[in-house]
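>>> Everything below, folded, please.
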Amino acid sequence: VQLVESGGGMVQPGGSLRLSCAASGFTFSSYDMSWVRQAPGKGPEWVSSINTANRTFYADSVKGRFTISRDNVKNTLYLQMSSLKPEDSVLYYCARRVNSETGPTWDYWGQGTQVTVSS
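Numbering: from 1, shown residues only. I've put the predicted structure just below:
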């Protein structure tokens, strides 16, 4: 399993970025997928998920500003981010979502892509 994020960078407040996550080594269309972000010294924060039926879910902090999508032909997950705020400046990870005995979790993560929102 390999997940490779791209698309991060620096943008001004109010700007937009689109993150991509290229997946390989598994049947992408059969798995729910998520975006998770993490600030230095803090635990991971769930951002958004999309299930195999293309139903989407968002954290309150990004609802209305971020849009998750997937292309099962290209085996790619996307996160369109708009109206970016300085507090969105963290490392963003693509992760494969699975169910465990203790509930949903993520079993594979990408290497992360940095988003920096600054004027």
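
>>> okay, and the helix or strand of the chain with the least pLDDT?
For the chain, scoring each helix and strand by mean pLDDT, DSSP states H and E identifies strand 103-109 as the least confident one, at a mean of 92.

>>> Now do the contacts for the most centrally placed residue in the chain.
The centre of the chain sits closest to W35, judged by Cα atoms, centre = their mean, with a distance of 2.2 Å. By Cβ atoms under 8 Å, 6 or more residues apart in numbering, the contact list for W35 reads 19, 21, 47-49, 66, 68, 77, 79, 92-95. Using the backbone N, CA and C atoms, a C-beta is placed for each residue, glycine as well.

>>> Reformat these into JSON lines and put pLDDT and neighbour count next to each item.
Output for the contacts of W35, formatted as JSON lines (pLDDT from 0 to 100; neighbours: other Cβ atoms under 10 Å):
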{"residue": "L19", "pLDDT": "98", "neighbour count": "24"}
{"residue": "C21", "pLDDT": "98", "neighbour count": "26"}
{"residue": "V47", "pLDDT": "97", "neighbour count": "24"}
{"residue": "S48", "pLDDT": "97", "neighbour count": "22"}
{"residue": "S49", "pLDDT": "97", "neighbour count": "20"}
{"residue": "F66", "pLDDT": "98", "neighbour count": "22"}
{"residue": "I68", "pLDDT": "98", "neighbour count": "22"}
{"residue": "L77", "pLDDT": "98", "neighbour count": "28"}
{"residue": "L79", "pLDDT": "98", "neighbour count": "26"}
{"residue": "Y92", "pLDDT": "98", "neighbour count": "23"}
{"residue": "Y93", "pLDDT": "98", "neighbour count": "22"}
{"residue": "C94", "pLDDT": "98", "neighbour count": "28"}
{"residue": "A95", "pLDDT": "98", "neighbour count": "23"}
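
>>> Now, those that are in strands?
19, 21, 47-49, 66, 68, 77, 79, 92-95 (DSSP state E).

>>> right, and the pair among those residues with maximum separation?
The distance between the two most remote of the ones in strands among the contacts of W35 (Cβ to Cβ) is 15.3 Å, for F66 and A95.
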